[in-house]
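In: Fold the following and give me the result.
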Amino acid sequence: LSQQQLHIITPLPISAYEYFLKCWLQGGRKQSKYRMMYDKAIQGMHSELLQKSSPSGLWYVAEKVNGSLLHKFDHLVCFLPGTLALGAATDPYGIESPRAKRDLRTARALAYTCHEVY
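Out: Numbering: from 1, shown residues only. Here you go, the predicted structure:
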């Protein structure tokens with residue numbers, strides 16, 4: 001995309017994260033590119049979009065528009081905890097790996113936010 005175009009990173013394509021993971025799983029875990037795409041997307045979500053609200057301390061996934069975070073909670077994020085838990089449970093490095101533990105913590109935090117908000 002050129003600099004003239006709008007750059008958006010949003011939780012709306014969260015289903016894409018889920019599809020990357022499911023393609024890898026349904027393919028017998030043989031096409032590692034799908035797992036790598038999932039892992040890269042989830043790492044990006046953690047490093048770029050995951051936020052903690054104040055003063056409530058609830059975690060959410062923000063949107064990023066033209067390099068700026070848009071702090072809002074989208075209900076579609078409530079599907080993400082299940083995806084993160086599935087990703088952690090099937091992590092090639094094991095459920096005890098730092099990445100799997102991180103994803104389970106995030107899944108719990110987002111599920112709690114969804115419970116409190118909805």
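In: mind listing what's buried in stretch 32-47?
Out: Buried positions in stretch 32-47, judged by neighbour count with 16 or more other C-beta atoms under 10 Å: Tyr34, Arg35, Met37, Tyr38, Asp39, Ala41, Ile42, Met45. Just so you know, the C-beta spots here come from the backbone N, C-alpha and C atoms, and that holds for glycine as well.
In: Mind putting the residues you listed into CSV with secondary structure, distance to Tyr17 and pLDDT?
Out: Listed next are the buried residues of stretch 32-47 as CSV, based on DSSP: H, G, I helix; E, B strand; the rest coil; distance: C-beta to C-beta, whole Å; pLDDT from 0 to 100:
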residue, secondary structure, distance to Tyr17, pLDDT
Tyr34, helix, 11, 96
Arg35, helix, 11, 97
Met37, helix, 9, 94
Tyr38, helix, 6, 95
Asp39, helix, 10, 96
Ala41, helix, 5, 92
Ile42, helix, 6, 95
Met45, helix, 7, 92
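In: of all these, which comes closest to Ser15?
Out: Of all these, Ser15 sits closest to Ala41, with 11.2 Å by C-beta to C-beta.
In: residue contacts, the residue nearest to the closest one when sequence neighbours are not counted?
Out: Residue nearest to Ala41 in three dimensions, not counting chain neighbours: Tyr17, with 4.9 Å by C-beta to C-beta, 6 or more residues apart in numbering. Listed by C-beta atoms under 8 Å, 6 or more residues apart in numbering, the contact set of Tyr17 reads Tyr38, Ala41, Ile42, Met45, Leu80, Thr83.
In: what are the C-alpha coordinates of stretch 106-118, in PDB please?
Out: Written as PDB, here are the backbone C-alpha positions of stretch 106-118 (Å, rounded to 0.1, in the frame of the first residue of the first chain):
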ATOM      1  CA  THR A 106      -4.200 -13.500  27.200                       C
ATOM      2  CA  ALA A 107      -7.100 -15.800  26.500                       C
ATOM      3  CA  ARG A 108      -8.100 -15.700  30.200                       C
ATOM      4  CA  ALA A 109      -7.800 -11.900  30.300                       C
ATOM      5  CA  LEU A 110      -9.800 -11.400  27.100                       C
ATOM      6  CA  ALA A 111     -12.500 -13.900  28.200                       C
ATOM      7  CA  TYR A 112     -12.800 -12.100  31.500                       C
ATOM      8  CA  THR A 113     -13.200  -8.800  29.700                       C
ATOM      9  CA  CYS A 114     -15.900 -10.300  27.500                       C
ATOM     10  CA  HIS A 115     -17.700 -11.600  30.600                       C
ATOM     11  CA  GLU A 116     -17.600  -8.200  32.300                       C
ATOM     12  CA  VAL A 117     -18.600  -6.200  29.300                       C
ATOM     13  CA  TYR A 118     -21.300  -8.500  27.800                       C
END
